[in-house]
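Colleague: let's see this in three dimensions:
(2 chains, ligands or ions: 2)
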Amino acid sequence: MNELMRQLLFLPEQASTFAVKVDKLHYFVVTVTMVASVLTGLIATWFFFRFRERRPNASTPIVSASHRFELAVISVPLIFFFLWVWVGFKDYIWYVTPPKNTTDIYVTGKKWMWHFAYPDGPNSNASVTVPANRPVRLLMTSRDVIHSFYVPDFRIKQDVIPGRYTETWFEATKPGRYRIYCAEFCGTWHSQMIGEVVVLPGPEFDAWMVKQKQGLAGRVDSSGSGEEFKGDLATYGRRLAGAYGCLKCHSLDGAPHIGPTWVDLYRRKTLLASGETIIADEGYLTESMMDPYVKVVKGYQQVMPSFRGKLAAPEAAALVEFIKSLRGDNLENVAPKEPVYGPVERR
Amino acid sequence: MAQLNVVNEELSLPKVHYINADRGLKSWLFTLDHKRIALMYFVLTTVALLLGGIFAMAVRFEHLTPGPTIMGANTYNRMFTLHGVVMIFLFMIPAIPGIFGNFCLPLMLGAKDVAFPRLNLLSVYVYAVGAALALYGMVSGGADAGWTFYAPYSLSTPATLAPVLFGVFILGFSSILTGLNFIVTVHTLRAPGMTWMRIPLFVWAIYATAIIQVLATPVIGLTSVLVAVERIFGFGFFDPAHGGDPVLFQHMFWFYSHPAVYIMVLPSMGVISEAVAAVARKNVFGYKMIAYSSLGIAFVGFFAWGHHMFVSGQSALDNGAFAIISMLVGVFTAIKVFNWVGTLYRGSIAIRTPLVYICGFLFFLVFGGMTGIAVATVSLDVHWHDTYFVVAHFHFIMVGAVIMGYLAAIHLWFPKMFGRMFHEGWGMVASSFIVLGFNATFIPQFLLGNAGQPRRYYMYDERFWVLNVASTAGSTLLAFGFIIILIYLIYALKNGNVAGDNPWDLKGLEWNTSSPPPKHNFDVTPTVDEDPYTYQKKGEEVEHVVI
Ligand SMILES: [Cu+2]
Ligand SMILES: [Cu+2]
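Modeller: Ligands and ions are numbered 1, 2, ... in the order given. So this is what the prediction gives:
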């Protein structure tokens, strides 16, 4: 049944957990739509013939609606539509909530190619290798205009926006090669901004990764600021933190300085000057570098310079990855405490 | 109807009517007569429709093969931009209000003209200037950002965009002037006895449209000027490299452009309400429900814009809220559909050209509307967003519903406007081409979207080829239908049979004067003493049916 519907509707393969989930609603919605519209057309056509003009300029009866009819007219579509929207929203919330143990990959879009970087592994253009049956999270940004990362076989899509991070995740279920498209118009070769997700079975992926790391020492990041870097992203980030002078204000030993310490910063609940509490995720960390005054940490001066336009996207990614590497365990659930930046308690 | 096909020797056009009352070019260029202004809109928007259609065909022919076919990548990008901008800003938005709103609304209300005839004339000129500027900008500057002008692409493209953006800004004023005029006219110029619940449903629809035009259009004006200013002076509104926010652009753009969908579709729904009652000679079933649902759509439509941004990184809660609000629009639309079909029940239905368009309209609106709720279902839209599924969905509404309404309006009011009949046989042939061609063009596009072909793709993967060819084949049928219509209508202008004042014995006030009407519409101001759509003879015993 599933296979039949999928082929009738020309849907691509169901190669992720989300695809399997979302297609059920797809079938239901499309079937109801087709039945309803054809039925409307047929009823109208039937009326044309049943009540066709038998005598020119005839009088007709006055037909009016009872309250029962009015109620039915309003509630039948309401119930159907509400059902779709509700189930759709539930699935969507599932889709935007990645599990904790994801394999993270940094994605950079630029006219007209996709660039991928593993936190502690290789870089690549156009093709990204991922393990099957393990959740993979993509942290994405753009170096120029808005792009949109789209893999039809996984039923996932997420806009990729300059100056900020967006994320999406998937769990591929079948080893194979799947097309990546750019779905947001981005200029002359928008249609050629394509790539490929290569899904390997878990053990094969691990072996692949080991091999990649062996050859890593001499690798050059082809799309960064042109600087050569060796080793993983976090190491690169540490070097950049020195080079850009971040460490003049941010400490790596847990003590607050001109700016908050970076130790255990990632995913900390942070109290802002506005009174709001946020979680320091990748998006927030990037924003703090690009627009430091949008969210100012409580108890600190607005002295941090903006690094927008100074940090290339992969450099920002490397810094984020470095900050993430300064993180202990079990931080997610720590309640905000006053003062915000005491050493954070471990449970 | 029988008497249509018989040449009635006794019928003749009135000696003096609005078309020949004053002569000379100046009498047209400076006319304050709403009927002449309607004709000016008719000519201008028909040119826009033809241009937009040619660009659409260019796009379709390019897709005959997966690789390059007849043009380069940049030309392709300009073609779909031209197609979108021309169709939306130069045709869809002004056409029905500009032509039939102007022509029929005062007649239907029993008024001599609109409330502000000079503003009405101004709106035509503002339209012409805006259209000329936008077209000039697109052709000379090679605008390639699509009609959505998403930042920061629209800020960084090497093409010249500023004239197009200013063109859109100016066109907005034309739309606002028209809307304002209609609102005041409906409030102040109704004939004696025409209470609010006796207003024809087309007028209700135009009234709801006018509210959106006045309230929403300033936002697109503002947005396009901000983009133009940012391009020219480098201010950082939307470009993150200068501290701007590209997603803010999308909010502002859709805050207008979603309600704009109702600027396009509500008038068409109004036409269908009239056409259904006219061909069935029936009171409109659920008059109040249809009238109020127009207002409901206009209101709710303002809060649904975020459904275009489900994958833009906007918050998940926003997405849920926008989904629910979008669904409400669907409920209002469904109410209308039930009532139109209900109007046919127990009618005395004449099989005439408008009927084909009504039938097409019902199918397209239900299919287009329900796929609209489908793409407003967040989890499904993740896959469909920016694919051909969305393209097919909005063409079902904009071509399927809006153009069916537009063509129904032409075939309903042509005899009133020009006093002559078109050829009914050719009308049937052309309408069949249009309905079939339309299905053949856009149903494959739904499937393409399911299969995952993103929109605005110059080249596409081999596996999408067959469906693309099918769609192009369908579009030639559609184009053929339009050409037939253009020919028989132009022919009928001079050679059609004289229609007579009220060829189908219809009830609206517009049928209560000569065809074409005199310059001042009515020789005696009509008074209204019964509900609209009363198709029962006076004094006759009337059967009341409640379902
Ligand atoms: Cu792109
Ligand atoms: Cu919308």
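Colleague: pLDDT averaged over the lengthiest helix in chain B - what is it?
Modeller: In chain B, with assignment by DSSP state H, the single longest helix is helix B:246-280. For helix B:246-280, mean pLDDT is 92.
Colleague: tell me where chain A has strands.
Modeller: A:62-64, A:103-110, A:113-117, A:123-125, A:127-131, A:135-142, A:147-151, A:156-160, A:166-171, A:176-182, A:195-200, A:269-271, A:277-279 (DSSP state E).
Colleague: what ranges does the stretch 51-200 of chain B have for its helices?
Modeller: B:73-85, B:93-96, B:102-109, B:117-141, B:153-156, B:162-188 (DSSP state H, counting those that start in this stretch).
Colleague: for the residue in the stretch 101-250 of chain B positioned nearest to chain A, which non-adjacent residue is closest in space?
Modeller: Relative to chain A, the nearest point of the stretch 101-250 of chain B is residue B:240 (2.9 Å; Cβ to the nearest Cβ). (Glycine included, C-beta is placed from N, CA and C.) Residue nearest to residue B:240 in three dimensions, not counting chain neighbours: residue A:163, with 2.9 Å by Cβ to Cβ, 6 or more residues apart in numbering or on different chains.
Colleague: what's the pLDDT at the one you found?
Modeller: pLDDT, residue A:163: 84.
Colleague: cool, residue B:387 as well?
Modeller: Confidence score, pLDDT, at residue B:387: 95.
Colleague: what's the answer for residue B:531, then?
Modeller: Reading off the model, residue B:531 has pLDDT 83.
Colleague: OK, contacts around it?
Modeller: B:197-198, B:283, B:287 (Cβ atoms under 8 Å, 6 or more residues apart in numbering or on different chains).
Colleague: in the one helix or strand residue B:425 maps to, which residues are buried?
Modeller: Under the criterion of DSSP states H and E, residue B:425 resides in helix B:424-451. Neighbour counts over helix B:424-451 (16 or more other Cβ atoms under 10 Å in any protein chain shown) mark B:424, B:426-427, B:429-431, B:433-435, B:437-451 as buried.
Colleague: would you pull up the residue in chain B closest to ligand 1?
Modeller: Ligand 1 sits closest to residue B:153 of chain B, with a gap of 9.0 Å, by Cβ to the ion.
Colleague: now that residue: closest residue in space, sequence neighbours ignored.
Modeller: Closest residue to residue B:153 apart from its sequence neighbours, by Cβ to Cβ, 6+ apart: residue A:145 at 4.1 Å.
Colleague: re earlier: mean pLDDT lowest for which of the helices of the stretch 51-200 of chain B?
Modeller: Mean pLDDT, when computed for each of those, is lowest for helix B:153-156, at a mean of 88.
Colleague: straight-line length of stretch B:280-294, end to end?
Modeller: Length of stretch B:280-294, first residue to last, Cα to Cα, to the nearest Å: 22 Å.
Colleague: flag every residue of chain A that's near ligand 1.
Modeller: Applying Cβ under 5 Å from the ion, we find that chain A lies next to ligand 1 at A:147, A:182, A:186, A:193.
Colleague: contacting residues for the last one?
Modeller: By that I understand residue A:193. Contacts of residue A:193 (Cβ under 8 Å, 6+ apart): A:109, A:111-114, A:147, A:181-182, A:186.
Colleague: repeat that for the first one.
Modeller: Contacts here follow Cβ under 8 Å, 6+ apart; on that basis residue A:147 touches A:109-110, A:159-160, A:182, A:184, A:186, A:193.
Colleague: report the two of the contacts of residue A:193 separated the most.
Modeller: Of all pairs drawn from the contacts of residue A:193, the greatest distance, 14.4 Å, lies between A:111 and A:181 (Cβ to Cβ).
Colleague: name the residue in those two with the higher neighbour count.
Modeller: Each of residue A:111 and residue A:181 has its neighbours counted (other Cβ atoms under 10 Å in any protein chain shown); residue A:181 has more, 26 against 18.
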